[in-house]
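Engineer: sequence unavailable; structure follows:
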Ligand code: HEM
(Lines give C-alpha, C1' and ligand atoms only; values in the text may rest on other atoms or scores of the structure.)
Protein backbone atom coordinates (compact mmCIF):
# COMPACT_ATOMS: atom_id res chain seq x y z
CA UNK A 1 0.00 0.00 0.00
CA UNK A 2 1.45 3.43 -0.89
CA UNK A 3 1.57 6.76 0.93
CA UNK A 4 -1.64 8.03 -0.69
CA UNK A 5 -3.62 5.04 0.63
CA UNK A 6 -2.52 4.33 4.21
CA UNK A 7 -3.61 1.04 5.75
CA UNK A 8 -6.88 1.78 7.60
CA UNK A 9 -6.31 -1.21 9.88
CA UNK A 10 -3.07 0.24 11.20
CA UNK A 11 -4.00 3.93 11.18
CA UNK A 12 -6.37 3.70 14.12
CA UNK A 13 -6.30 7.50 14.55
CA UNK A 14 -8.46 7.88 11.47
CA UNK A 15 -11.10 5.32 12.48
CA UNK A 16 -14.59 6.80 12.65
CA UNK A 17 -16.70 4.07 14.25
CA UNK A 18 -14.97 2.78 17.39
CA UNK A 19 -14.76 -0.86 16.30
CA UNK A 20 -11.78 -2.98 17.30
CA UNK A 21 -9.35 -4.68 14.95
CA UNK A 22 -11.24 -8.00 15.27
CA UNK A 23 -14.49 -6.40 14.15
CA UNK A 24 -12.74 -4.66 11.27
CA UNK A 25 -11.27 -7.93 10.06
CA UNK A 26 -14.61 -9.72 10.44
CA UNK A 27 -16.33 -7.01 8.40
CA UNK A 28 -13.66 -7.02 5.73
CA UNK A 29 -13.77 -10.83 5.44
CA UNK A 30 -17.60 -10.73 5.25
CA UNK A 31 -17.36 -8.04 2.58
CA UNK A 32 -14.86 -9.91 0.43
CA UNK A 33 -16.61 -13.29 0.83
CA UNK A 34 -20.04 -11.82 -0.04
CA UNK A 35 -18.57 -10.06 -3.10
CA UNK A 36 -16.92 -13.34 -4.14
CA UNK A 37 -20.15 -15.29 -3.56
CA UNK A 38 -22.02 -12.74 -5.67
CA UNK A 39 -19.55 -13.20 -8.52
CA UNK A 40 -19.82 -17.00 -8.12
CA UNK A 41 -23.62 -16.89 -8.34
CA UNK A 42 -23.31 -14.77 -11.49
CA UNK A 43 -21.08 -17.45 -13.01
CA UNK A 44 -23.74 -20.07 -12.16
CA UNK A 45 -26.36 -17.87 -13.85
CA UNK A 46 -24.19 -17.61 -16.96
CA UNK A 47 -23.74 -21.41 -17.04
CA UNK A 48 -27.49 -22.01 -16.62
CA UNK A 49 -28.39 -19.47 -19.31
CA UNK A 50 -25.90 -20.98 -21.76
CA UNK A 51 -27.07 -24.50 -20.91
CA UNK A 52 -30.71 -23.51 -21.33
CA UNK A 53 -30.03 -22.03 -24.72
CA UNK A 54 -27.46 -24.37 -26.24
CA UNK A 55 -27.68 -27.82 -24.59
CA UNK A 56 -28.73 -30.58 -26.98
CA UNK A 57 -31.11 -32.39 -24.62
CA UNK A 58 -34.46 -30.64 -24.12
CA UNK A 59 -34.78 -32.02 -20.57
CA UNK A 60 -31.42 -30.53 -19.64
CA UNK A 61 -32.45 -27.20 -21.15
CA UNK A 62 -35.74 -27.26 -19.24
CA UNK A 63 -33.97 -28.12 -15.99
CA UNK A 64 -31.50 -25.26 -16.50
CA UNK A 65 -34.28 -22.67 -16.92
CA UNK A 66 -36.33 -24.03 -14.03
CA UNK A 67 -33.26 -24.06 -11.76
CA UNK A 68 -32.48 -20.49 -12.79
CA UNK A 69 -36.03 -19.39 -11.96
CA UNK A 70 -36.19 -21.27 -8.66
CA UNK A 71 -32.80 -21.02 -6.98
CA UNK A 72 -30.81 -18.05 -8.18
CA UNK A 73 -32.35 -14.65 -7.49
CA UNK A 74 -32.69 -14.66 -3.69
CA UNK A 75 -29.17 -15.97 -2.95
CA UNK A 76 -27.86 -13.37 -5.41
CA UNK A 77 -29.80 -10.56 -3.76
CA UNK A 78 -28.68 -11.75 -0.32
CA UNK A 79 -25.02 -11.71 -1.37
CA UNK A 80 -25.51 -8.23 -2.88
CA UNK A 81 -27.15 -6.87 0.28
CA UNK A 82 -24.52 -8.41 2.60
CA UNK A 83 -21.82 -6.87 0.39
CA UNK A 84 -23.65 -3.52 0.53
CA UNK A 85 -24.16 -3.58 4.30
CA UNK A 86 -20.62 -4.69 5.11
CA UNK A 87 -19.29 -2.09 2.63
CA UNK A 88 -21.35 0.65 4.31
CA UNK A 89 -20.02 -0.35 7.74
CA UNK A 90 -16.44 -0.51 6.43
CA UNK A 91 -16.86 2.97 4.98
CA UNK A 92 -18.24 4.33 8.24
CA UNK A 93 -15.61 2.53 10.28
CA UNK A 94 -12.49 3.53 8.36
CA UNK A 95 -10.83 6.68 7.06
CA UNK A 96 -12.39 5.97 3.66
CA UNK A 97 -15.81 7.22 4.75
CA UNK A 98 -18.85 6.83 2.52
CA UNK A 99 -18.73 10.07 0.53
CA UNK A 100 -15.07 11.06 0.89
CA UNK A 101 -13.38 9.04 -1.86
CA UNK A 102 -14.54 8.60 -5.43
CA UNK A 103 -13.82 4.88 -5.50
CA UNK A 104 -16.08 4.25 -2.48
CA UNK A 105 -18.91 6.36 -3.93
CA UNK A 106 -18.61 4.56 -7.27
CA UNK A 107 -18.79 1.16 -5.55
CA UNK A 108 -21.79 2.30 -3.54
CA UNK A 109 -23.59 3.41 -6.72
CA UNK A 110 -22.70 0.19 -8.58
CA UNK A 111 -23.84 -1.97 -5.65
CA UNK A 112 -27.15 -0.09 -5.33
CA UNK A 113 -27.81 -0.22 -9.10
CA UNK A 114 -27.15 -3.98 -9.27
CA UNK A 115 -29.36 -4.77 -6.25
CA UNK A 116 -32.14 -2.61 -7.74
CA UNK A 117 -31.85 -4.40 -11.10
CA UNK A 118 -32.04 -7.81 -9.39
CA UNK A 119 -35.20 -6.80 -7.56
CA UNK A 120 -36.98 -4.78 -10.25
CA UNK A 121 -35.84 -6.41 -13.50
CA UNK A 122 -34.54 -9.94 -12.88
CA UNK A 123 -36.92 -11.23 -10.20
CA UNK A 124 -40.21 -10.23 -11.91
CA UNK A 125 -39.21 -12.16 -15.06
CA UNK A 126 -38.51 -15.44 -13.28
CA UNK A 127 -42.08 -16.77 -13.47
CA UNK A 128 -41.88 -16.49 -17.27
CA UNK A 129 -38.52 -18.26 -17.31
CA UNK A 130 -39.99 -21.07 -15.19
CA UNK A 131 -43.00 -21.34 -17.51
CA UNK A 132 -40.69 -21.40 -20.52
CA UNK A 133 -38.62 -24.20 -18.93
CA UNK A 134 -41.77 -26.25 -18.28
CA UNK A 135 -43.12 -25.45 -21.74
CA UNK A 136 -39.99 -26.87 -23.38
CA UNK A 137 -40.98 -30.32 -22.10
CA UNK A 138 -44.29 -30.17 -23.96
CA UNK A 139 -42.89 -28.75 -27.18
CA UNK A 140 -43.39 -24.99 -26.67
CA UNK A 141 -40.48 -22.91 -27.93
CA UNK A 142 -41.37 -19.20 -28.02
CA UNK A 143 -38.00 -17.80 -26.92
CA UNK A 144 -39.26 -14.27 -26.09
CA UNK A 145 -39.23 -14.97 -22.33
CA UNK A 146 -35.57 -15.95 -22.32
CA UNK A 147 -34.14 -13.94 -25.24
CA UNK A 148 -32.48 -11.30 -23.03
CA UNK A 149 -31.21 -13.59 -20.28
CA UNK A 150 -27.61 -13.23 -21.46
CA UNK A 151 -27.51 -9.63 -20.29
CA UNK A 152 -27.91 -10.01 -16.48
CA UNK A 153 -24.80 -12.19 -15.91
CA UNK A 154 -22.77 -10.20 -18.47
CA UNK A 155 -23.66 -6.83 -16.94
CA UNK A 156 -23.32 -8.04 -13.37
CA UNK A 157 -19.97 -9.81 -13.88
CA UNK A 158 -18.55 -6.76 -15.65
CA UNK A 159 -19.79 -4.41 -12.93
CA UNK A 160 -18.53 -6.58 -10.07
CA UNK A 161 -15.14 -6.88 -11.76
CA UNK A 162 -15.00 -3.08 -12.01
CA UNK A 163 -15.98 -2.82 -8.31
CA UNK A 164 -13.21 -5.26 -7.36
CA UNK A 165 -10.66 -3.28 -9.40
CA UNK A 166 -11.85 -0.07 -7.69
CA UNK A 167 -11.46 -1.72 -4.28
CA UNK A 168 -7.89 -2.80 -4.98
CA UNK A 169 -6.60 0.18 -7.02
CA UNK A 170 -8.53 2.87 -5.09
CA UNK A 171 -8.23 5.43 -7.92
CA UNK A 172 -9.11 9.15 -8.24
CA UNK A 173 -8.40 10.26 -4.67
CA UNK A 174 -10.64 12.37 -2.44
CA UNK A 175 -13.83 14.17 -3.37
CA UNK A 176 -13.06 17.88 -3.05
CA UNK A 177 -15.49 19.98 -1.10
CA UNK A 178 -16.54 23.28 -2.71
CA UNK A 179 -15.21 26.37 -1.00
CA UNK A 180 -18.02 28.06 0.95
C1 LIG B 1 -20.16 -3.73 -5.61
C2 LIG B 1 -19.68 -4.75 -4.95
C3 LIG B 1 -18.39 -4.65 -4.17
C4 LIG B 1 -17.28 -5.43 -4.34
C5 LIG B 1 -17.10 -6.55 -5.36
C6 LIG B 1 -16.32 -4.98 -3.36
C7 LIG B 1 -15.06 -5.55 -3.20
C8 LIG B 1 -14.16 -5.16 -2.24
C9 LIG B 1 -12.88 -5.82 -2.00
C10 LIG B 1 -12.34 -7.01 -2.78
C11 LIG B 1 -12.27 -5.13 -0.99
C12 LIG B 1 -10.91 -5.45 -0.37
C13 LIG B 1 -9.85 -4.51 -0.95
C14 LIG B 1 -8.55 -4.57 -0.20
O15 LIG B 1 -8.53 -4.99 0.97
O16 LIG B 1 -7.55 -4.17 -0.81
C17 LIG B 1 -13.14 -4.05 -0.60
C18 LIG B 1 -12.84 -3.14 0.37
C19 LIG B 1 -13.65 -2.07 0.70
N20 LIG B 1 -14.94 -1.84 0.26
FE21 LIG B 1 -15.92 -2.92 -1.15
N22 LIG B 1 -16.85 -3.96 -2.63
C23 LIG B 1 -18.13 -3.72 -3.08
C24 LIG B 1 -19.04 -2.79 -2.59
C25 LIG B 1 -18.73 -1.84 -1.63
C26 LIG B 1 -19.63 -0.81 -1.14
C27 LIG B 1 -21.09 -0.65 -1.57
C28 LIG B 1 -18.94 -0.06 -0.23
C29 LIG B 1 -19.37 1.13 0.58
C30 LIG B 1 -20.31 1.95 0.32
C31 LIG B 1 -17.61 -0.61 -0.14
C32 LIG B 1 -16.61 -0.11 0.68
C33 LIG B 1 -15.39 -0.68 0.85
C34 LIG B 1 -14.35 -0.14 1.72
C35 LIG B 1 -14.45 1.13 2.56
C36 LIG B 1 -13.26 -1.02 1.62
C37 LIG B 1 -11.90 -0.85 2.30
C38 LIG B 1 -11.86 -1.56 3.61
C39 LIG B 1 -10.47 -1.48 4.18
O40 LIG B 1 -9.51 -1.27 3.44
O41 LIG B 1 -10.37 -1.66 5.36
N42 LIG B 1 -17.52 -1.69 -1.00
N43 LIG B 1 -14.29 -4.10 -1.37
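Structural biologist: Nice, thanks for sending it over. Since the structure is predicted, the reported quantities are computational estimates derived from the model, not experimental observations.
Engineer: show me what counts as buried in the helix or strand harbouring residue 105.
Structural biologist: In this assignment (DSSP states H and E), residue 105 forms part of helix 102-117. In terms of neighbour count (16 or more other Cβ atoms under 10 Å), helix 102-117 has its buried residues at 103, 104, 105, 107, 108, 110, 111, 114, 115, 117. In short, each C-beta sits where N, CA and C put it, glycine included.
Engineer: spell out which parts of this protein neighbour the ligand.
Structural biologist: For the chain, the residues in contact with the ligand (Cβ under 6 Å from any ligand atom) are 8, 28, 31-32, 35, 83-84, 87-88, 90-91, 94, 96, 98, 104, 107-108, 110-111, 160, 163-164, 167-168.
Engineer: could you rerun that using 5 Å?
Structural biologist: 8, 32, 35, 83, 87, 90-91, 94, 96, 107-108, 110-111, 160, 163-164, 167 (Cβ under 5 Å from any ligand atom).
Engineer: list the buried ones in the lengthiest helix in the chain?
Structural biologist: Longest helix in the chain, counting residues (DSSP state H): helix 21-54. Neighbour counts using 16+ other Cβ under 10 Å place 24, 27-28, 30-31, 34-35, 37-39, 41-42, 44-46, 48-49, 51-52 of helix 21-54 among the buried residues.
Engineer: what's residue 174 sitting at in phi/psi?
Structural biologist: phi -80, psi 150 (degrees, to the nearest 10).
Engineer: the closest residue to the ligand within the chain - how many residues pack around it?
Structural biologist: Residue of the chain nearest the ligand, by Cβ to the nearest ligand atom: residue 87 (2.5 Å). For residue 87, the count of nearby residues is 24 (other Cβ atoms under 10 Å).
Engineer: where are the low-confidence patches of this protein?
Structural biologist: The chain contains residues with pLDDT under 70 at 1-15, 178-180.
Engineer: and the residue of the chain closest to the ligand, what element?
Structural biologist: Assigned by DSSP H and E, residue 87 belongs to helix 73-93.
Engineer: cool, and residue 172?
Structural biologist: Counting by DSSP H and E, residue 172 is part of no helix or strand.
Engineer: so what does it have for phi and psi?
Structural biologist: phi 80, psi -10.
Engineer: quick check: the gap between the nearest residue to it once chain neighbours are set aside and residue 128.
Structural biologist: Setting aside the residues directly before and after it, residue 172 is nearest to residue 102 in space (Cβ to Cβ, 6 or more residues apart in numbering), at 3.8 Å. Taking Cβ to Cβ, to the nearest Å as the measure, residue 102 falls 39 Å from residue 128.
Engineer: before we move on, what about residue 41?
Structural biologist: From residue 41 over to residue 128 (counting by Cβ to Cβ), the distance is 20 Å.
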